[in-house]
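A.B. asks: Have a look at this fold, sequence not included:
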Ligand SMILES: [Zn+2]
Ligand SMILES: [Zn+2]
């Protein structure tokens, strides 16, 4: 049987003529977008040297080139388009936000398609590897954080680290940075880009965590005829935290404040007294739990607190006023006391 040359026609609209995967050029273009653009693209820029981070790594190119690279690397391309290229016009909304109007040109056989779209580009301040390394070696000020006559607890170590890093990040000053953090002698050493940063952090830490501050400058050398000092700022965190239960002299007390004075609230009497931190150094921490307990008024007139897990009942001191059904109590190995603090007061 002889072949009959089939007439080519579009399966969509029936038009005769050349087809692309069974469609006329018009329907093919309609059916196949060139790219699937996202709404937002992020790119990191080194705040120190201006490099941009592309898939290939950090590269010292100008912004236009970086944006072209970003589009090429990150905009999802749709089959069957090939050799897709991008051109764009960038409009600055602010220093770190751009609005890009983009044309994506795709090719398939003898067809070309241009797709227009907009995308927001967010420039993320960052630090490239080489700038990070340079900074890692440099420091001027040192901040030492220690416990007052004791080692820092793991909770304090974490808390202090987080506090310092968050504070430096929030300031967003490229000249103020942490070069290195070391754990030493039950404390932490921070190596900082400036002496001023060390002093400021020491003050803020002592205010938040309760403690004393001192600093000692040491002549380091000369720079352009000027004497350069390295200042070591030292914070000693106080012996207690809010919520600690301590035995001081003859009484059992909970710590309700650590600065500027230590306030000890006697658990048996409910009376508070304030002290200079150095005057209560001899107080000893006592193991205790703090939780919301059920309060029961017994027929004998006695008022007891019930441990939420063991259900052990103990007389509670001082007796709660009124007919309260629940109260926050401090539970030691041999007693139960009303607390003035919320149940979730952190224990170190
Ligand atoms: Zn058609
Ligand atoms: Zn850099």
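C.D. replies: All right, it came through fine. As the structure is a computational prediction, the values presented were derived from the model and not from experiment. Ligands and ions are numbered 1, 2, ... in the order given.

A.B. asks: got the buried residues for stretch 21-39?
C.D. replies: Neighbour-count burial for stretch 21-39, with 16 or more other C-beta atoms under 10 Å as criterion, is recorded at 23-25, 27-29, 32-35, 37. The C-beta positions use only the backbone N, C-alpha and C, and glycine is treated the same way.

A.B. asks: Which pair of the residues you listed spans the longest distance?
C.D. replies: 24 and 37 (25.9 Å; C-beta to C-beta).

A.B. asks: Verify the stated contact: residue 120 with residue 100.
C.D. replies: Yes. Under the criterion of C-beta atoms under 8 Å, residue 120 makes contact with residue 100 at 7.4 Å.

A.B. asks: Tell me the spacing between the residue of the stretch 151-300 of the chain found nearest ligand 1 and residue 215.
C.D. replies: Residue nearest to ligand 1 within the stretch 151-300 of the chain (C-beta to the ion): residue 172, separated by 55.9 Å. Between residue 172 and residue 215 the computed distance is 25 Å (C-beta to C-beta, to the nearest Å).

A.B. asks: that older thread, more crowded one of residue 120 and residue 100?
C.D. replies: residue 100 (19 against 14; other C-beta atoms under 10 Å).

A.B. asks: ok, that one - contacts?
C.D. replies: For residue 100, the contact set (C-beta atoms under 8 Å, 6 or more residues apart in numbering) comprises 67, 71, 88-91, 118-121.

A.B. asks: Just the element for it, please.
C.D. replies: strand 97-108 (DSSP states H and E).

A.B. asks: any weak-confidence spans in the stretch 101-250 of the chain?
C.D. replies: 134, 174, 223-224 (pLDDT under 70).

A.B. asks: Looking from ligand 1, tell me which residue of the stretch 51-200 of the chain is nearest.
C.D. replies: For the stretch 51-200 of the chain, C-beta to the ion, closest residue to ligand 1: residue 111, 13.2 Å.

A.B. asks: Which strand residues bridge that residue?
C.D. replies: When assigned by DSSP bridges, residue 111 has beta-bridge partners residue 108.

A.B. asks: Any idea what residue 102 is bridged to?
C.D. replies: Residues in a beta bridge with residue 102, per DSSP bridges, are residue 88, residue 117.

A.B. asks: Can you tell me, leaving aside adjacent residues, what's nearest to residue 319?
C.D. replies: Counting by C-beta to C-beta, 6 or more residues apart in numbering, residue 303 is the residue found nearest to residue 319 once chain neighbours are left out, at 4.8 Å.

A.B. asks: so that neighbour touches residue 317, yeah?
C.D. replies: No. In this structure, residue 303 is not within contact of residue 317 by C-beta under 8 Å, at 9.2 Å.

A.B. asks: Residue 176 is in contact with residue 168, isn't it?
C.D. replies: Yes. The criterion here is C-beta under 8 Å, and residue 176 meets it with residue 168 at 6.1 Å.

A.B. asks: hey, what's in contact with both of those two?
C.D. replies: By C-beta under 8 Å, 6+ apart, the residues touching both residue 176 and residue 168 are residue 197.
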